[in-house]
Structures are given as C-alpha cells and as structure tokens.
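**Student:** Sequence and predicted structure below; questions after.
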Amino acid sequence: MRNKILSFILTLSLVLGPASIVVVTTLGCVAVMPGQDAVVVRTEQTLDGAVDTLDILFKYEKDNRAVLGPTFKQKVDNLRRNAPPAIDTVKLALKGYKQNRTPDKKATLESALAVLQVLASQAAQLAVPTTVTPPPPTIGDPPQPPSP
C-alpha cells in the first residue's frame, strides 16, 4: 500500500512540477519504529522512491517518445544504462551492512545510495513535464485541446 501511495505521489509530482517534490520528500520521512535501524529504513525508503521515480520516467518517455524527440530519449537511455548497476550496488551494500553494521559498511552504503540519488534526481528533473509541442495536425484531424 505504501508503495502505491508513493507511486501516486511521484506521478502527481510529474504533473504538478518541481514544487511537489518537496511533498514527496516530506512524506518519505516516516518515523523509524523502535528496534529498527534508521540506516536500513531510510535506505529502503530511498531505494523504493528512486526505483519508482526511474520507472515513471522510463514509462513516460516510452509512451511519449514521438513527441519528446531524440535528445530526451538519449538522456533517458543514459539513465536506463546507469540505473540498474546503481540499484544493484545499493542492494549489495545494504545486504553487506545488514550482515555487519560497521562504520565502513555504512560509508559504502551511503556512497552507493548517493549515486542512486543523483540518478533519481536527474530522472525527476527530466520527468517534470516541459511544454511539449505536439506535431501539427494534418488535414481532417479534429482540433486538439491545448495541453495543460
């Protein structure tokens, strides 16, 4: 349920723009329950949010490829190449941290997470809709309402 709510909020942020990212960030700050490791909880939250953000962007680009153009596709393809290894690195570092919660393992996890956060931030910036000019209508096409 939490993932569905987060996905909805992230989708909403695509529609509302950068200001709504503050909402997403604040809602992600759920209290850590007693007995839970804050590093693990925050890493899992960040990982879920980053994956959702990247997935939303990838779907958005695929569904709108014809109007977004090749430059946008190249930027998204760069994220498509870099995101899976970054996600895997965070998962591996998290697993290592859970097995042995040392300062070195924590630093490794934080470094891996920082890389993923940069990619998710780039995805969020790309996913914020810019003015997309649809192709001109051809003769016989019904008039289209203006884009929001």
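**Tutor:** Done, it's in.

**Student:** Could you use CA atoms for every contact and neighbour count after this?
**Tutor:** Noted.

**Student:** The helix or strand containing Asp104 packs against which elements?
**Tutor:** Secondary-structure element containing Asp104, defined by DSSP states H and E: helix 103-127. Judged by 3 or more Cα pairs under 8 Å, 6 or more residues apart in numbering; DSSP states H and E, the packing partners of helix 103-127 are helix 38-63, helix 70-99.

**Student:** which of the residues in the next helix or strand after the shortest one are buried?
**Tutor:** With elements assigned by DSSP H and E, the helix or strand that comes after helix 38-63 is helix 65-68. For helix 65-68, the buried set under the neighbour-count rule, 16 or more other Cα atoms under 10 Å, comprises Leu68.

**Student:** Dump helix 65-68 to PDB, keeping only the CA atoms.
**Tutor:** Extracted in PDB, the C-alpha atoms of helix 65-68 (Å, rounded to 0.1, in the frame of the first residue of the first chain):
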ATOM      1  CA  ARG A  65       8.700   9.100 -27.500                       C
ATOM      2  CA  ALA A  66       7.300  10.500 -30.700                       C
ATOM      3  CA  VAL A  67       6.800  14.000 -29.300                       C
ATOM      4  CA  LEU A  68       9.700  14.100 -26.900                       C
END
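
**Student:** Pretty sure Ala124 sits against Leu57.
**Tutor:** Yes. With contact defined as Cα atoms under 8 Å, Ala124 reaches Leu57; the gap is 7.5 Å.

**Student:** Of these two, which one has the most company?
**Tutor:** More crowded of Ala124 and Leu57, by other Cα atoms under 10 Å: Leu57, with 25 against 22.

**Student:** And for the residue nearest to the more buried one when sequence neighbours are not counted, the neighbour number?
**Tutor:** Distances taken as Cα to Cα, 6 or more residues apart in numbering put Ala127 closest to Leu57, at 5.4 Å, once the chain neighbours are dropped. The number of residues packed near Ala127 is 24, by other Cα under 10 Å.
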